[in-house]
Each structure stands twice: as structure tokens, then as C-alpha cells.
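In: What follows is a protein structure lacking sequence information:
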Ligand SMILES: Nc1nc2c(ncn2[C@@H]2O[C@H](COP(=O)(O)OP(=O)(O)OP(=O)(O)O)[C@@H](O)[C@H]2O)c(=O)[nH]1
């Protein structure tokens, strides 16, 4: 359980800092990435613009050359001789002019790398003149060519620009075909008569080289240039497309994006396409050109670059410092988290342990309090005045008071019965004195008026400044007293008959004698002895003898008053104390007893006595206890003498003995 908790906290300690650090750093890196992207876009736009400018500049210069050439008097003079009947002289002059023109153009060509060919075409599409890198090429008829047909409809200074095209290798065996584009303008003779078309063929790869160089942005930039039909216009050799290939098929998603706008940028998953339209027809050239036309459906071109969006990895790879700082932050935050988790876990364990100990301490305190409050003995503490400052529930229950009624309100000695109060006071003085302890056996007076015998054992609680209070244990003695009483009772009772024994008789006699002395009332005494009891034992057995003795006790009690004291003196001899009884009355009681015994045979289960009861009798000596006699002894002596005489005289009779006679 504890390990699981620690593991959960550790996971949290790692996860939370990682989330926090990531949440903090992510916007920073994102902003950094956005800035990098913005700067990349700016650079790309600048490069696209530079590419456009470069292309425009080159084409522009070529147009100016074309128009200037078309305006050359030498050319016009040459054209004036074309298509007209000439004299031999004029023919010679025409050939000289043609040679001069050819020489001029031939001289011009090597100075401008971008040109591959100059050609002058007559109204029938035949080449009048051609200067170029492929001098062996045979003259062509261009009457069906678009550039020828378009140029033939143009006014002076208007011009036609063809889309770049692959210049096919000539049959002569030149196998290298290069990409070229044509710019053409109509030409007129000195009279202003249309005489044909002047065409400059430009090396497209030379024109586009700048674009490729400008847009190849390190490793992540991929330049492109396509016409409005999706034809690839670049001559790169590394890419999947060669000049004239279908970009629309090769990169359909980029092509689709290019269809929507002429300028701007589009995001394709992790790539960014930045592009701009280039329209040869609508550019305002710094030239004297009039209208510019081109092949229908091929303009505008799209010039742009595809770049990989910068990634966080690239960014961090460029500069490891942020990466190191980030890692440091993660390590620090995770370390802090783990440290927190472990210390928190320890704290929790400590807290649980403290709570458990506190709980145990509370439980212990509760147990101690419970033991104090509900102990089988009373506990109390008294201040030096004897006032109750503390008392347990057991003792309060004995007394019948509540704590509120007793504590700080009552003196403990008020709960002690007056008879035992001295003993308590003495013991309490002992606690306050040098012995610092005391004990007393006293009785508590309860609220309901009952007396509760107790023994109080107390000691003093002494602090540095002296006596604080007493500490007393109070034991209930009522059970013990009852037990003592029972034992005392048993000590004075004859177990066979349940009558008091000789000791009991002496105790009772002392009281009755004292009372008789106080009251002056006569006190009678009868001593009874069963007749021939030995014979009963002998004949019927000891058990029957016991039964007879018990029957005697019952019969005798029936004949006596409540205050009379019947005791067994021993063996088959009994005595009766008769308080407040005169001689006459005593003799009457004795006689009544004798008769009752004589007429109360005992039912015994014995073979000798089958179906019959056992008769028995007793002899009785009677006397009065004299007022001046200190004990019962003399009276018993007299009664015994009377008994002896009764036996002597035949038994089953009463004999009176007068005390005065002694
Ligand atoms: N069964 C029984 N017999 C007892 C008990 N105590 C004394 N005895 C008997 O009582 C008899 C007393 O006999 P004796 O003193 O000779 O007197 P007696 O036989 O009564 O003769 P008299 O007194 O002269 O009439 C003895 O045999 C005792 O053993 C007792 O608790 N139970």
C-alpha cells in the first residue's frame, strides 16, 4: 500500500513538472518556429522577386535588342530588296547588304550568351538569314509555326514571346537539345512595307539559371516554374522532372494549390509552397515594345519555391544551447518533483505515525480514565481543607450524587457517618502530616440515607510547593461485613437444628440480663434435656436421633413467643431464655413445652417402628435470672439442678428452682 502510494506520487512528481515545463516552453519554441517560418517566407519572397527581376531583365534586354535590330537601316535596306525584281547591280548590292547583316549578327551572337540563334523570315515563312550555334541546320519553312503566324499579324514594335520549348537536335547528328524560347517581331523595309519576321532564339536554361540559383534555398528549398498548362519550365537535372515534364501530374496537390491564386503561400502538411505568377504579356518592359502577345493558354507562369517547414528538431540542432537549457529545466523540475514526492511521502508516514501514537495515547488516557471512573473501588482526592477536588463515578454512584454537586462544593467528611467521622479525621490528619498517609474504616452516608461500610486508604500527593491533594482509594466493605456477619451467625448456630448454640445463648443472655436490669422485668430460664435419648440412638440409630432433635426444635419453637431465645446447649440439652417472664409464667411455658413434646411423636422411617411414631419426652429445670446476677451462669446452674431433680424424680416433668434459695 505504502509502496503503491509512493509510486503514484513519483509518477505525479515526474509528470506534473514535465507538463508544466512543456506548457511553458512550448509557446516559446512555437513563437521561435513561427519567427523562423516568417523569416523563411520573407527570404523566399525576396528570392522569388529576385528571380522574376532577373528573368524580366534578361527578356527585357533581348526585346530591346530585337526591336533595335528590327529598326536597323541595314536590315530595312536589305528588306527593301527582298521580293522585288533587281538588276544585277542591285542583286550584287543586295548580297553585299546581306553579307553585312549576317556579319553584324554573327558578331553580335558571341557577345550575348543568352542568344542561340537569330533568324530573318520572309512573308512566305522561308528563312532569309540565320545566324546561330547550329550553322549546319537546314533552313526551315515556318509558315505554319505559331510564332510566325502571330508575328505576321503584329504592328511594328509589337512582339510575340513564345513559351520555352525543347529545341530538337538536328538531323546532322547534334544530339544535345536545349531549351529555348523565341521572341519575334514583324519587320518592315525602308518604305514601311511588311517584309517578314525577325526571330531571336534565347537560351532558356541561361535565362532560368538565375531563378534556379536564387530559389535553391540551401537544402530545404525546392524551386519550381511551370506554365499555366502545368508544364515544367526548369532544366534541373537533379529533380524528378526534366524540362517539359508535367508538374501537374508529378505534384498534383501543389499544382491544385497554384490554380487557386496567382500569388501567396499554401501549406501542405509539413511543406510550404510560396509562389508568384509571372506573365510575360503584362509586364511593362523598359523598352519601346508595344503590345506583347504569347502562345494562347501558356501564360501566366508560376514561379515559386517549395520549402520544408522548419521543425523544432532542426531549430534545436542548429543551436544546442536551448536544447541544453530545456534538458536542464526538465532535469531540475523532475529532480524537484521527485524530492518533493519523497519528502511528502516521509511527512505523510510521520504524520500517520504521530496520528497513530496520538490515537493510542488518547485510547490509553481513555482506558486510564475509564479505569479511574469505573473501578470496582472508589477514588477521590481532597484538598488540604478536606474538600473534594476529584471523585470517580463508582464512588459518586455509591453516594448517589453527581460530580457537579460534589466537586469543589462538598467536604468529604460530610459523607461520613457521625460515628465513624473521628476515624476519618484521624486518617486525614495522617495524610496531611509527615507520614503522608492514613487509612480508616468508616461508613459512608448515602443520599438515600443508607450506610455503606468502607475502608479508606489515602496518601498525599506532594509537589515542589507542598501538599497538592490527597489520593484515596475507598473499598466497599458491605460484602465483607455481610460475610463476617454470616460467619458470626454460623459460629453461633447449631447446624443440626438451626437453633442458636451455647455461645449465642451467652450473647443473648448478656443483652437480656442488661435489659432486664434496666427495665426491672423478670427473666426466666428453662433448661431441657431429652429423656433416655441414648436409648433412641442405640435402638434406632444416630440418624433417627438427629431427626428427633430437629423435631424437638420445631415443636419447642411453636410453643414459644417471638422474643424467647431457644438454644441448643449441646447433645440433647437445650435452654430457653424467657424475657419479661415471671416464675409462674415460666413454669407455665415449661409445662406447656413438656406436654407438647410428650404429645408430638416423631415420624421415623425404621423397621422397628413400622407404621408407628416415635414418642419421646423431656425433663425441664426452671428458674429466674436474678437481678444481681452478673451472668447466666448461676441461673443455669440452678436450672440444671432442677433438671437433675426432674430426672431423679422420674423424668418427663418440670422442676422449679428458686434463685432466692441459694
Ligand atoms: N443422635 C444424636 N445423639 C446425640 C447428639 N448429641 C448427644 N447425643 C447422644 O445423646 C445421648 C445422651 O445420653 P445420656 O447423657 O446418657 O442421657 P440419656 O440417655 O438421655 O439419659 P437421661 O438424660 O438420663 O434420661 C448420648 O448417647 C449421646 O451420644 C446428637 O447430636 N445426635
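Out: Sure thing, it's come through. No experiment lies behind these values; they were computed from the predicted model shown. Residues are numbered from 1 along each chain as shown.
In: Leaving out chain neighbours, which residue sits closest to the residue in the chain positioned nearest to the ligand?
Out: The nearest approach of the chain to the ligand comes at residue 545, 2.3 Å away (C-beta to the nearest ligand atom). C-beta here means a position set from N, CA and C on the backbone, and glycine is covered the same way. In this structure, residue 545 finds its nearest non-sequential neighbour in residue 537, 4.2 Å apart by C-beta to C-beta, 6 or more residues apart in numbering.
In: Which of the three states applies to the one you found?
Out: Per DSSP: H, G, I helix; E, B strand; the rest coil, the secondary structure class of residue 537 is helix.
In: Give me the neighbour count for the residue of the chain closest to the ligand.
Out: The burial metric for residue 545, expressed as a neighbour count using other C-beta atoms under 10 Å, is 23.
In: just checking, it touches residue 533?
Out: Yes. If you go by C-beta atoms under 8 Å, residue 545 and residue 533 touch, sitting 6.7 Å apart.
In: what's the overlap in contacts for the two?
Out: Listed as contacting both residue 545 and residue 533 by C-beta atoms under 8 Å, 6 or more residues apart in numbering are residue 572.
In: Just give the nearest non-adjacent residue to residue 384, would you?
Out: Sequence neighbours aside, residue 467 is the residue nearest to residue 384 in space, at 5.6 Å (criterion: C-beta to C-beta, 6+ apart).
In: So what pairs up with the one you found in the strands?
Out: Per DSSP bridges, the residues bridged to residue 467 are residue 462.
In: residues in contact with it?
Out: Listed by C-beta under 8 Å, 6+ apart, the contact partners of residue 467 are 384, 432, 460-461.
In: same thing but 7 Å
Out: Shown in contact with residue 467 (C-beta atoms under 7 Å, 6 or more residues apart in numbering): 384, 432, 460.
In: Could you tell me which of those residues belong to helices?
Out: residue 432 (DSSP state H).
In: out of the contacts of residue 467, which is most surrounded?
Out: Neighbours here mean other C-beta under 10 Å. Within the contacts of residue 467, the largest count is held by residue 460, at 20 neighbours.
In: returning to that earlier point: which of the contacts of residue 467 lies closest to residue 24?
Out: Looking at the contacts of residue 467 and their distance to residue 24, the nearest is residue 460, at 71.9 Å (C-beta to C-beta).
In: burial of the residue lying closest to the closest one once chain neighbours are set aside, as a residue count?
Out: Of all residues beyond its chain neighbours, the one nearest residue 460 is residue 436 (3.9 Å), with distances taken as C-beta to C-beta, 6+ apart. Each residue near residue 436 was counted by other C-beta under 10 Å, and the total is 15.
In: that older thread, can you add pLDDT and distance to residue 610 and give the contacts of residue 467 back as CSV?
Out: Rendered in CSV, the data for those read as follows (pLDDT from 0 to 100; distance: C-beta to C-beta, whole Å):
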residue, pLDDT, distance to residue 610
384, 95, 82
432, 95, 79
460, 96, 78
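In: Turn the contacts of residue 467 into JSON lines, including distance to residue 565.
Out: Formatted as JSON lines, the entries for the contacts of residue 467 read as follows, by distance: C-beta to C-beta, whole Å:
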{"residue": "384", "distance to residue 565": "52"}
{"residue": "432", "distance to residue 565": "48"}
{"residue": "460", "distance to residue 565": "50"}
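In: what does this structure put close to the ligand?
Out: Residues of the chain lying close to the ligand by C-beta under 6 Å from any ligand atom are 496, 529-535, 537, 542, 545-546, 549, 571-572, 647, 651.
In: out of these, which are buried?
Out: Among the residues of the chain next to the ligand, the ones that count as buried by 16 or more other C-beta atoms under 10 Å are 529-531, 533, 537, 545, 549, 572, 647.
In: tell me which of those is nearest to residue 179?
Out: Nearest to residue 179 out of these is residue 549 (C-beta to C-beta; 158.9 Å).
In: The closest one: which element?
Out: Secondary structure here is read from DSSP states H and E; on that basis residue 549 sits in helix 542-559.
In: Following the chain past that helix, name the next helix or strand.
Out: Trace forward from helix 542-559 with DSSP H and E and the next one is strand 565-570.
In: For the residue nearest to residue 386 when sequence neighbours are not counted, give me the pLDDT.
Out: In space, not counting the residues next to it along the chain, residue 386 is nearest to residue 411; the distance is 4.9 Å by C-beta to C-beta, 6+ apart. Residue 411 is assigned 96 on the pLDDT scale.
In: any weak-confidence spans in the stretch 51-200 of the chain?
Out: Of all residues in the stretch 51-200 of the chain, those with pLDDT under 70 make up the ranges 133-139, 168-177.
In: so what's residue 553 up against?
Out: For residue 553, the contacting residues are 497-499, taking C-beta under 7 Å, 6+ apart as the criterion.
In: what does stretch 643-656 contact?
Out: With contacts defined as C-beta under 7 Å, 6+ apart, stretch 643-656 is touched by 527, 529, 531, 587, 590-591, 594, 598, 617, 619-622, 642.
In: okay, among those, which ones form the most distant pair?
Out: Of all pairs drawn from these, the widest gap by C-beta to C-beta lies between 531 and 587 and measures 19.0 Å.
In: Quick one: neighbours of residue 633, just the number.
Out: Should you count by other C-beta under 10 Å, residue 633 turns out to have 11 residues around it.
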